[in-house]
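Asker: Dropping the sequence and predicted coords here.
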2 protein chains.
Amino acid sequence: MTTAEETGGGEAPWAEVTPDAARRLLLAAVEAFAERGYHATTTRDIAGRAGMSPAALYIHYKTKEELLHRISRIGHEKALEILRTAARREGSATERLADAVSSFVRWHAGGRTTARVVQYELDSLGPEARAEILALRHEVDAEVRGIIEDGLATGEFDVLDVRGTTLAVLSLCIDVARWFNLDGPRTPEEVGTLYADLVLRMVGAGK
Amino acid sequence: MTTAEETGGGEAPWAEVTPDAARRLLLAAVEAFAERGYHATTTRDIAGRAGMSPAALYIHYKTKEELLHRISRIGHEKALEILRTAARREGSATERLADAVSSFVRWHAGGRTTARVVQYELDSLGPEARAEILALRHEVDAEVRGIIEDGLATGEFDVLDVRGTTLAVLSLCIDVARWFNLDGPRTPEEVGTLYADLVLRMVGAGK
DNA sequence: GGGCGTGCTAAGCGCTCGCTCACCTTCGGC
DNA sequence: GCCGAAGGTGAGCGAGCGCTTAGCACGCCC
């Protein structure tokens, strides 16, 4: 599993964005939004980071909001794919939940820049764009809830409030993007392992 | 609309702010910052919500940032006080941790408006203001870590990584401010109870 | 009841924002 | 060798921003 940061290899999720100039602008926007927030970022700043004039942005994107929308959709699709892969592999519910949490957390820690924008700038989108993203979030939620329900059915887990616990598990993982620091003492892998253990305890696995 | 929300879990923390006009402006700022974020909020909006002209703001506060700074400091002090009260009461580590988590979560859920600003707008502060707030956050962290270490010493808890688990517990509680919705299916009390149970599982209490 | 500090407003300054427009370059097809 | 499309630039627009200033209303002390 490759990981380092965006450039180093939270894989290369932006490969699908073409042409090249549009991708460079998107990458610059991710950086800027993650650092200062959507509203505090200027289109001049984004274009500058991409080495272009302010006007160039509008050749590839209609508005500044379209940039955020594209980033958010691609990011959510990637996050959903990570969870789906873990949820639908072979193995017990315990193994699948541990896998889901650790890879989801690794993505939020290693690709903190992207994850921050994806998870915390949702409110800056307009109503229709937000609705589209919320639908993806429901799928994310359903994927995790599915694993927990599997574990309940097999007797592996012991959970009183399935929806509440699902919410807490996802909340715990997502908040990694807020506090994680690449220069800090922990690697994304370490946090992933720790969190998988904590989550298994939360669902009462292996008691 | 007078704040019925704050009273749910947080009494009236702004009573210390005088004179009355300054408090009304602060309250309006909390609402606006929570809704749209600091950078997307205009001074005209804040003054308007407080029923005053844009210029009135500058009689009581030097800058827009000073408003955020005051809100953040008062909010962090309140959060710290809540945790201190729970951490230093009589009782086993298990009881104190459950109390700390449930009351901390109640504050984040019931006073979601305030908590959102306090927890998510930290980066909008300047360097010295941010440093002051970060010191308060370290005290918050130390308070929770203290309870967990107590529980380890008495054999109540079973935790491998104390700092990591402390971080996760706080992260879980804080993120409540992001997703909690007063119109949703759960009351702050219910979430507090659920989370206290989940956290006790995370630290291996009552195995 | 005149003088004055306090708290507020209307008007507006200087600046920067998101975005547009007229024009320039490069390049493959014929 | 000319042509149009694609991708870029410099200059600048209207609007709205944070914040300031001149002046007004009002309570309070003498």
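Answerer: Structure's in. What do you need?
Asker: anything in the helix or strand hosting A:Leu25 sitting right up against DNA strand D?
Answerer: Using DSSP states H and E, A:Leu25 sits in helix A:20-36. Yes - using Cβ under 7 Å from any atom of the strand, helix A:20-36 reaches DNA strand D at A:Ala21. Every residue, glycine included, has its C-beta placed from N, CA and C.
Asker: what's the following helix or strand after that helix?
Answerer: helix A:43-49.
Asker: Please name every helix or strand in contact with the helix holding A:Leu25.
Answerer: Under the contact criterion of 3 or more Cβ pairs under 8 Å, 6 or more residues apart in numbering or on different chains; DSSP states H and E, helix A:20-36 touches helix A:43-49, helix A:57-60, helix A:64-87, helix A:112-120.
Asker: Please identify the most buried of those.
Answerer: Stretch with highest mean neighbour count among the helices and strands packed on helix A:20-36: helix A:112-120 (a mean of 23; mean count of other Cβ atoms under 10 Å in any protein chain shown).
Asker: List the buried residues for the longest helix that chain A contains?
Answerer: Of all the elements of type helix in chain A, the one with the most residues (DSSP state H) is helix A:127-153. Residues A:129, A:133, A:136-137, A:140-141, A:143-148, A:150-152 are the ones in helix A:127-153 that count as buried (16 or more other Cβ atoms under 10 Å in any protein chain shown).
Asker: How about the contacts made by A:Leu97?
Answerer: By Cβ atoms under 8 Å, 6 or more residues apart in numbering or on different chains, A:Leu97 lies in contact with A:144, A:147-148, A:151, A:196, A:199-200, A:203, A:205.
Asker: Could I get the contacting residues of the closest residue to A:Arg24 other than its chain neighbours?
Answerer: Closest residue to A:Arg24 apart from its sequence neighbours, by Cβ to Cβ, 6 or more residues apart in numbering or on different chains: A:Ala50 at 4.5 Å. Residues near A:Ala50 by Cβ under 8 Å, 6+ apart: A:21, A:24-25, A:27-28, A:56.
Asker: Closest one to DNA strand C out of these, please.
Answerer: A:Ala56 (8.6 Å; Cβ to the nearest atom of the strand).
Asker: That closest one and B:Thr166, how far apart?
Answerer: From A:Ala56 across to B:Thr166, the span is 47 Å (Cβ to Cβ, to the nearest Å).
Asker: So which of the two has more stuff around it?
Answerer: Per other Cβ atoms under 10 Å in any protein chain shown, whichever of A:Ala56 and B:Thr166 has more neighbours is B:Thr166, with 22 against 18.
Asker: what about the strand or helix carrying A:Val101, distance to the chain center?
Answerer: Using DSSP H and E, A:Val101 sits in helix A:93-110. For helix A:93-110, the distance from its own C-alpha centre to the chain's C-alpha centre is 12 Å (Cα atoms, centre = their mean, to the nearest Å).
Asker: For that helix, the averaged confidence score.
Answerer: On average, the pLDDT along helix A:93-110 is 97.
Asker: what about A:Lys62, distance to B:Arg36?
Answerer: A:Lys62 sits 22 Å away from B:Arg36, going by Cβ to Cβ.
Asker: shouldn't A:Glu156 be in contact with A:Ala205?
Answerer: Yes - between A:Glu156 and A:Ala205 there is a contact under Cβ atoms under 8 Å: 5.7 Å.
Asker: Please enumerate the shared neighbours of the two.
Answerer: Looking at what touches both A:Glu156 and A:Ala205 (by Cβ under 8 Å, 6+ apart), the common residues are A:Thr94.
Asker: ok so, going back, show me which of the buried residues of helix A:127-153 is closest to B:Arg178.
Answerer: A:Arg137 (12.2 Å; Cβ to Cβ).
Asker: quick one: stretch A:140-155 to chain centroid distance?
Answerer: 20 Å.
Asker: How about it and chain B, any contact?
Answerer: No - judged by Cβ under 8 Å from any Cβ of the partner chain, stretch A:140-155 makes no contact with chain B; its nearest approach is 10.7 Å.
Asker: what does the domain assignment say about chain A?
Answerer: In the domain annotation for chain A, the residue ranges read A:15-61, A:68-202 (automatic domain parsing).
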